[in-house]
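Asks: Predicted model follows, preceded by the sequence.
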Amino acid sequence: MSTNQLLQDLPLFAMPIAVISFFSIGFIQYFQRIWSDAFEREGPSTRYRFGRRLILLFLSVGLGCFIHFGAMAYITNDSALLYHNWALFVLVLPLLYGGFNGLEVSLQSLTLLMIWYMHHAPNFWHPTTLLALAGFIALAVLLKRYHQYIMQHWWVGVLLAGILASLFWFTVPHVSMHLVMTTELKWEAVLMYTLMIAFVLGYWLRQYRDDKRTHELERLAEYEKGTYDTGYANHQAELQQLFTKTQAQNDTLTFATLDLDHFKQINDRFGRLAGNAVLIAVGETLKQLLTNANVEHQLYLTTGEEYNIVFPNQSAESVLPIIKGCWQAIRKQEFPYKQRNIAVTVSIGCTALQSDDTSINDIYKRADDALSKSKRSGRDTVTFDTQIISGADKSEKSLADYCYFSQGIYDITQDGHPKYYHELLLRTYDSLQKRWVLPDTFEIPAWMQIALLQEFMRHTQLHNFNINLTADQFQDIDIAEALAQFSESPEGPTNLTVEITALTDSQTTRRISARYRAAGIKILIDDVGSDNSFEMVRPSMAYINGFKFAMQNLRKTTSDSALRERVQFWRQIAKENQLSFILEGVETAEDLKMAQALSTPYVQGYYFDKPSAAEGLSQ
């Protein structure tokens, strides 16, 4: 075909594809709405959901067959290709959705196989056709199993659509469905299907992801209204009724109240929606654990970050292992939000019904007192009445249970890239694993930090140190005073810097920084550009001494060019404000070259070393 002829035929080829694509977009939007009603929407009855699933079967199997048989019966020219491709699209679409049961999937699969057979009947048993059918089935299985991945990657969907269309159309016989299938016509059919899918998926996937994000934001925002199981006022009435019934029957009842530790820091650091996401995830974890325990219970979210669990007709001895299991599961889990995993701990207060209790408020008071003791004992603790039953071991740990590991910070402006600072990272010894691991809590007292630092100093000639402080530690004036006095003493380090990740308000930073500054201790904000945005950092910039940019936090979600732009931005902000700058996460020679090209003076990362104990200290 000549170029002129191709240009003349292009509008005739493109117009039908555009028309069918617009119809397909409308179809897929309607299919998506019905599917959401059937599988995602909360509240509808079983009968309503069943009706929606019947509609989905009709939309896929029924409409697909209608288009196919209509084109076969009434259209005998090349235009039939368009309708057969449309029928194929309608029948393949359900593969991108989950939730269907075995019967529904079987009906969808059998209809697809029937359409394949009708197009390939004259050469169905030919080895090439059977091989293509096997590939077609394998591709359908991939679409079904990895539909979530395809919804995130448009190009994968288009590529698979081209392969699927090729398997289908290039193996049809010379005469199929009253059409003479020349090689040129087969290419036209494959191209037509692929372009249609490219256009439809490009539009639909973007809207699908936007709808998902909107739904998630609405779900997180709604969570603040207390729409978890039953409302606060309702469950207060339920608990009083349960208390009265239990007393009348002379039965037992165990009550636990759970409170997430340092929850305000999560809201301040990641945003309120992140906090709501953690609350939802913790609630779902508790529900799953309690369901698996197969014990009668009621779970309530009260206000803020507090949960109540009531165990009717259960003694404390029987449910304390379950409560401790919930405590362990939360503290060992990380809860995802926007490409980040957020770790939390929980403090728990427990009590049981006593003979002299006159109302549910008596139980509440004892549980609150037990929770308060858990908080005072360092948090991440379970207390039954006045007895700590889990988590107390951390308050009893000795200095020998802890150790500072070091990862070097290197000066790449000097020949040989000498080590400039030690960043000290807290570790605790796990006797079961027989190795040093991350501690459950980093909030050790100041005297212990200083003792560990002195021990490390005895094993190294370089006495420049960065130590990490939590937000609570940074706000504590007693800790600031203790570190300042040690730094000013003859036994103190040459240089000391405190690193903070969770920012406090600028007024607290101003007040605390004055004491650190008087002692010559520098303040460094870690994780700028990832956990700490410029808007969060800017109010405190007058009171700090530098930034640390952690590239490893962004590698999975940021392209190399965008990552370089972020590093360059923060490097420039540091220069303009006469602040030091450390680039963390340098793992390759290319990372080092980028740091040098951006005139970054100090770097840290696996390219140089990994965290390890000082030579001579036990590992």
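Replies: Yes, it's here. Here the structure is a predicted model, which means the values were calculated and not measured. Numbering: from 1, shown residues only.
Asks: Please make it C-alpha for all contacts and neighbour counts, starting now.
Replies: Will do.
Asks: so what are the domain limits for the chain?
Replies: Here the chain is described, according to automatic domain parsing, as comprising the domains 3-222, 232-391, 399-613.
Asks: Take these and write them to CSV, including mean neighbour count and mean pLDDT.
Replies: Rendered in CSV, the data for the domains of the chain read as follows (neighbours: other Cα atoms under 10 Å; pLDDT from 0 to 100):
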stretch, mean neighbour count, mean pLDDT
domain 3-222, 16, 80
domain 232-391, 18, 82
domain 399-613, 17, 88
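Asks: next one: stretch 245-258 to chain centre, how far?
Replies: Distance of stretch 245-258 from the chain centroid (Cα atoms, centre = their mean, to the nearest Å) equals 37 Å.
Asks: for the spatially closest residue to Q333 that is not a sequence neighbour, what are its contacts?
Replies: Distances taken as Cα to Cα, 6 or more residues apart in numbering place A343 nearest to Q333, at 6.5 Å, with adjacent residues excluded. Contact partners of A343, counting by Cα atoms under 8 Å, 6 or more residues apart in numbering, are R331, K332, Q333, E334, F335.
Asks: Let's see that with 10 Å instead.
Replies: Applying Cα atoms under 10 Å, 6 or more residues apart in numbering to A343 gives the contacts I266, V278, I330, R331, K332, Q333, E334, F335, P336.
Asks: Correct me if wrong: the fourth one contacts V344.
Replies: It stands for R331. Yes: proximity of R331 to V344 meets the contact threshold set by Cα atoms under 10 Å, at 6.0 Å.
Asks: re the thing from before, restricted to helices, list the contacts of A343.
Replies: Cross-referencing the contacts of A343 with the helices (criterion: DSSP state H) gives I266, V278, I330, R331, K332 as the overlap.
Asks: quick revisit: so how far is T460 from the residue nearest to Q333?
Replies: 33 Å (Cα to Cα, to the nearest Å).
Asks: again with H84
Replies: Noted for H84: a distance of 76 Å to T460, by Cα to Cα.
Asks: just K522 next, same as before
Replies: Relative to T460, and taking Cα to Cα, K522 is found at 21 Å.
Asks: How about L469?
Replies: With distances defined as Cα to Cα, the gap from L469 to T460 amounts to 22 Å.
Asks: Contacts only, for Y543.
Replies: Taking Cα under 10 Å, 6+ apart as the definition, contacts of Y543 comprise S506, Q507, T509, R510, R511, I512, S513, A514, R517, K522, I523, L524.
Asks: which residue is nearest the centroid of this structure?
Replies: Among the residues of the chain, the one closest to the centroid is P336, at 2.5 Å (Cα atoms, centre = their mean).
Asks: Could you export stretch 420-433 as CSV, CA atoms only?
Replies: Backbone C-alpha positions of stretch 420-433 (Å, rounded to 0.1, in the frame of the first residue of the first chain) are rendered in CSV as follows:
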residue,chain,number,x,y,z
TYR,A,420,34.5,13.0,59.8
TYR,A,421,31.9,11.9,62.3
HIS,A,422,30.4,8.8,63.9
GLU,A,423,26.6,8.5,63.8
LEU,A,424,25.7,6.5,66.8
LEU,A,425,22.8,4.1,66.5
LEU,A,426,21.2,2.4,69.5
ARG,A,427,21.1,-1.4,69.6
THR,A,428,19.9,-3.8,72.3
TYR,A,429,20.9,-7.4,72.8
ASP,A,430,18.3,-10.1,72.0
SER,A,431,19.2,-13.2,74.1
LEU,A,432,16.9,-15.4,72.0
GLN,A,433,18.4,-14.4,68.7
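Asks: I figured R435 hits Y402, correct?
Replies: No: applying Cα under 10 Å as the test, R435 and Y402 come out as separate, 11.4 Å apart.
Asks: which one among the ones in helices among the contacts of A343 gets closest to N545?
Replies: Nearest to N545 among these, counting by Cα to Cα, is I266 at 24.5 Å.
Asks: any idea how far W327 is from the closest one?
Replies: From I266 across to W327, the span is 19 Å (Cα to Cα).
Asks: do L258 as well
Replies: According to Cα to Cα, L258 stands 9 Å off from W327.
Asks: any common contacting residues for these two?
Replies: Taking Cα under 10 Å, 6+ apart as the criterion, L258 and W327 both touch V346, S347, I348, V382.
Asks: which one of the residues you listed sits closest to T413?
Replies: Scanning the shared contacts of L258 and W327 for proximity to T413, where the rule is Cα to Cα, the winner is V346, at 45.4 Å.
Asks: residues contacting that closest one?
Replies: By Cα under 10 Å, 6+ apart, the contact list for V346 reads 258-263, 282, 305-306, 326-328, 330-331, 374-375, 379-382.
Asks: what about D251, is that helix, strand or coil?
Replies: Put simply, D251 is coil when judged by DSSP: H, G, I helix; E, B strand; the rest coil.
Asks: nearest residue to it other than its sequence neighbours?
Replies: Nearest residue to D251 in three dimensions, chain neighbours excluded: N313, at 6.0 Å (Cα to Cα, 6+ apart).
Asks: Could you do I330 as well?
Replies: Nearest residue to I330 in three dimensions, chain neighbours excluded: T345, at 6.3 Å (Cα to Cα, 6+ apart).
Asks: From D259, how far out is that neighbour?
Replies: Computed with Cα to Cα, the distance linking T345 and D259 is 9 Å.
Asks: Overlap of the contact sets of these two?
Replies: Contact criterion Cα under 10 Å, 6+ apart; residues shared by T345 and D259: R379, D380.
Asks: Surely D261 is in contact with I330?
Replies: No: using Cα under 10 Å, D261 makes no contact with I330, being 11.2 Å away.
Asks: Residues that sit against both of the two, list them.
Replies: V344, T345, V346, D380.
Asks: Okay, and the beta partners of the third one?
Replies: Think V346. With DSSP bridges applied, V346 shows beta-bridge pairing to L260.
Asks: my guess is H262 meets V344, correct?
Replies: Yes: counting by Cα under 10 Å, a contact exists between H262 and V344, whose distance comes to 8.2 Å.
Asks: nearest spatial neighbour of K144, skipping sequence neighbours?
Replies: With Cα to Cα, 6+ apart as the criterion, K144 has its nearest non-adjacent residue at 4.7 Å, and that residue is L95.
Asks: List the residues that contact the one you found.
Replies: By Cα under 10 Å, 6+ apart, the neighbours of L95 are V105, Q108, S109, A140, V141, L142, L143, K144, R145, Y146, H147.
Asks: Next: F199.
Replies: F199 makes contacts with I17, A18, S21, F22, S24, I25, V158, as judged by Cα under 10 Å, 6+ apart.
Asks: which residues touch the third one?
Replies: Spelled out, it's S21. S21 is in contact with M15, F27, W86, Y193, L195, M196, I197, A198, F199, V200, L201, counting by Cα under 10 Å, 6+ apart.
Asks: List the first helix or strand encountered after the helix or strand containing the third one toward the C-terminus.
Replies: This means W86. Element membership of W86 [criterion: DSSP states H and E] is helix 80-92. Toward the C-terminus, helix 80-92 is succeeded by helix 102-120 as the next helix or strand (DSSP H and E).
Asks: Nearest residue to A274 in space, ignoring adjacent ones along the chain?
Replies: When the adjacent residues along the chain are set aside, A274 lies closest to Y337, with 6.2 Å between them (Cα to Cα, 6+ apart).
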